[in-house]
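**Student:** just the structure for this:
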Amino acid sequence: MLRAIAISLIPDLIHGGTSIFSPNGTPAHSIFGLSTLILTFALGIFLVVGGLLLYALIRFRHRETDPNPLQEPAQIYGSTQIELSWTVVPILIVFMLFLATTRVIFSTERSPKPEAALDVVVIGHQFWWEYRYPKLGIITANELHVPVSDPRNPTPTYLTMSSADTNHSFWIPRLAGKMDVIPNKVNVMWIDPHSAGLYLGQCAQYCGTQHAKMLLRVYADSPADFAAWVAKQQQPATVNDATAEGRAVFLHNDCISCHTIAGSVATGRFGPDLTHLASRDTIASGAVPNTPENVRKFIQNPDHFKPGVLMPAMRLSDHDLDAVTAYLTTLR
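**Tutor:** The predicted structure follows:
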């Protein structure tokens, strides 16, 4: 009964987005169940304690008919039954919640890995995410594409995580719990979206000035859509004679020191891979839509969107800025 009441108190407003109360993956469902269990006990304790307090306030309130209002009521010193109740009952509740939490942890972290699982290497940077698909030969940034997993025939995605600089935390609330991304340590988590769509998340560990704009976007694609995305990402960067001038500007500036464009001399690893930049919906780690205007502004002055970002302003002329923007927006 209390569990049903606790769930009914969750407003419809929090469903969707980044709410843990709208799970759409096996780990997230387990966490949701544990959360509602803890919320149920917390609600029960609140009602019992609040009810007893309210009873005491009403039952023993001051009355005009009291013989001597200044006289203290009879004092009771010690009660074995009461002391046992407020000691044993909380211990039993905490022990039960400990067992429930342990079961969820083991069921998610010790789950056997299916042969059909997709492997993705996740590398946290200040302030963006790098995704590598080692078996598919794909490297991308900030927007993670994974296939939908049918619960009857699971095809989860296993994420092998590490950091290139400082501590980060990978958190997609509707798919799974948080997992810290730490330098010189590899952590692994898995997600299995049950329906197609966009799932949003956030770096959940303060990592510097732009921590709040180190966003996460996970696209759960149908098997056909995921296969089409893979085929597109495996193609070399588009070469267009109309953007040859912009390509030359890119390759003859410091851009190549930080960014990679497959099939060119640009092999930098400090910034995101730009081979298929135009195929992404956003730039700046999900901070702004990927439009030619925003790409131009970001190249001209990255602080315009992300104050404190590590990418320097390129200080290109307007002509060169227009040319390199035109080139980058063809990289699909």
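**Student:** report the separation between the residue sitting furthest away from the middle of the chain and Phe250.
**Tutor:** For the chain, the largest distance from the centre (C-alpha atoms, centre = their mean) belongs to Pro67, which lies 64.3 Å off. Counting by C-beta to C-beta, to the nearest Å, the separation of Pro67 from Phe250 is 93 Å. To be clear about C-beta, it is placed using only N, CA and C from the backbone, and glycine gets the same treatment.
**Student:** give the closest residue to Gly263 in space, chain neighbours not counted.
**Tutor:** Pro236 (4.5 Å; C-beta to C-beta, 6 or more residues apart in numbering).
**Student:** how does the chain divide up, domain by domain?
**Tutor:** For the chain, automatic domain parsing gives the domain ranges 2-62+76-109, 118-233, 241-328.
**Student:** starting at the chain centroid, how far to the host helix or strand of Trp86?
**Tutor:** Element membership of Trp86 [criterion: DSSP states H and E] is helix 80-109. Here the centre of helix 80-109 is set off from its chain's centre by 29 Å, with C-alpha atoms, centre = their mean, to the nearest Å.
**Student:** pull the CA atoms of the helix or strand following that helix into CSV?
**Tutor:** Using DSSP H and E, the helix or strand that directly follows helix 80-109 along the chain is strand 118-125. In CSV, the C-alpha atoms belonging to strand 118-125 read as follows (Å, rounded to 0.1, in the frame of the first residue of the first chain):
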residue,chain,number,x,y,z
LEU,A,118,28.3,-3.8,-28.5
ASP,A,119,31.6,-2.5,-27.1
VAL,A,120,32.3,1.3,-26.9
VAL,A,121,35.3,2.9,-25.3
VAL,A,122,34.4,6.2,-23.5
ILE,A,123,37.1,8.8,-22.8
GLY,A,124,36.2,11.8,-20.7
HIS,A,125,37.9,15.1,-21.6
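**Student:** please renumber so the chain begins at 263
**Tutor:** Yes, from this point I'll number from 263; that puts the last item at strand 380-387.
**Student:** which strands and helices sit next to strand 380-387?
**Tutor:** strand 390-395, strand 405-409, strand 419-425, strand 430-433, strand 441-443 (3 or more C-beta pairs under 8 Å, 6 or more residues apart in numbering; DSSP states H and E).
**Student:** quick one: buried residues of it?
**Tutor:** Leu380, Val382, Val383, Val384, Ile385, Gly386, His387 (16 or more other C-beta atoms under 10 Å).
**Student:** residues in contact with it?
**Tutor:** 391-397, 406, 408-409, 417-427, 430, 432, 443, 465, 469 (C-beta atoms under 8 Å, 6 or more residues apart in numbering).
**Student:** cool, stretch 514-523 as well?
**Tutor:** With C-beta under 8 Å, 6+ apart as the test, stretch 514-523 has contacts from 401, 499, 512, 526-537, 573, 576, 578, 586, 593.
**Student:** give me the subset of those lying in strands.
**Tutor:** Assigned to strands by DSSP state E, the following of those qualify: Ile401.
**Student:** hmm, back to that, check which helices and strands the helix holding Trp348 sits against.
**Tutor:** helix 288-321.
**Student:** so how far is stretch 313-328 off the chain centroid?
**Tutor:** The mean C-alpha position of stretch 313-328 is separated from the chain mean by 49 Å, C-alpha atoms, centre = their mean.
**Student:** how long is it end to end?
**Tutor:** Stretch 313-328 stretches 24 Å from its first residue to its last (C-alpha to C-alpha, to the nearest Å).
**Student:** just the mean pLDDT for that stretch, thanks.
**Tutor:** Per-residue pLDDT values over stretch 313-328 give a mean of 86.
**Student:** what about Ala474, how many neighbours?
**Tutor:** If you count neighbours by other C-beta atoms under 10 Å, Ala474 ends up with 12.
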